[in-house]
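Asks: Quick one: sequence plus predicted model below, questions after.
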Amino acid sequence: MSWQTIKQKLSHAFAVEPPGAAEPTEPERAAVERVCREVVRRHLTTPALAFLQMSQPLNYLASQAMHFFLPIVSAVVDTEGARHFAEFLEHRGSIEYICRRLEALEDEAKVRERQDTARLEPDALNHGDTETRRK
């Protein structure tokens, strides 16, 4: 085996992914979206972001733990979605992508909540006026 062949085989042996958010595949994106929407729906965005930021260096370890427990978890949740989520966590920028997605969904939820509140306030005022007039 020549030096060039060895050098060529080892050229990517220690390569790391570029910094920044990872881009998920379509099945991974669907799994991440499901998890993020559930977190936002339960109003757990702030604790989730804090946990994700603290555990960012351990994302690969977390993905391997998910793969390990997948046979047990498959009795309760969608196996394919959990597998795709674990595969996405293997990427270096996955936590950054999930955090950005959580923040975007939280912003959308706040806008919807403001719109709902603005739409309901005139109705509440009208009902209040009606009851005041009755007294």
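Replies: Looks like it came in fine.
Asks: what about stretch 68-83, start to end distance?
Replies: Terminal residues of stretch 68-83 lie 10 Å apart, using Cα to Cα, to the nearest Å.
Asks: For that stretch, what is the distance to the chain centroid?
Replies: Offset of stretch 68-83 from its chain centre (Cα atoms, centre = their mean, to the nearest Å): 17 Å.
Asks: list the buried ones in it?
Replies: 81, 82, 83 (16 or more other Cβ atoms under 10 Å). Every C-beta, even on glycine, is put in place using the N, C-alpha and C of the backbone.
Asks: From those, which land in helices?
Replies: Taking DSSP state H, the ones among the buried residues of stretch 68-83 that sit in helices are 81, 82, 83.
Asks: Can you tell me the closest non-neighbouring residue to the last one?
Replies: By that I understand residue 83. Using Cβ to Cβ, 6 or more residues apart in numbering and skipping the chain neighbours, the partner closest in space to residue 83 is residue 70 (6.3 Å).
Asks: Report the secondary structure state of that neighbour.
Replies: Using DSSP: H, G, I helix; E, B strand; the rest coil, the structure places residue 70 in helix.
Asks: got the contact list for it?
Replies: 79, 82, 83, 86 (Cβ atoms under 8 Å, 6 or more residues apart in numbering).
Asks: measure it to residue 112 for me?
Replies: Distance, residue 70 to residue 112, by Cβ to Cβ, to the nearest Å: 34 Å.
Asks: now swap in residue 87 and tell me
Replies: Separation of residue 87 from residue 112 (Cβ to Cβ): 31 Å.
Asks: So for those two, which residue has more residues nearby?
Replies: Remark: of residue 87 and residue 112, residue 87 carries more neighbours, 18 against 10, as counted by other Cβ atoms under 10 Å.
Asks: quick one: which of the buried residues of stretch 68-83 is nearest residue 74?
Replies: Ranked by distance to residue 74 (Cβ to Cβ), the buried residues of stretch 68-83 are led by residue 82 at 7.5 Å.
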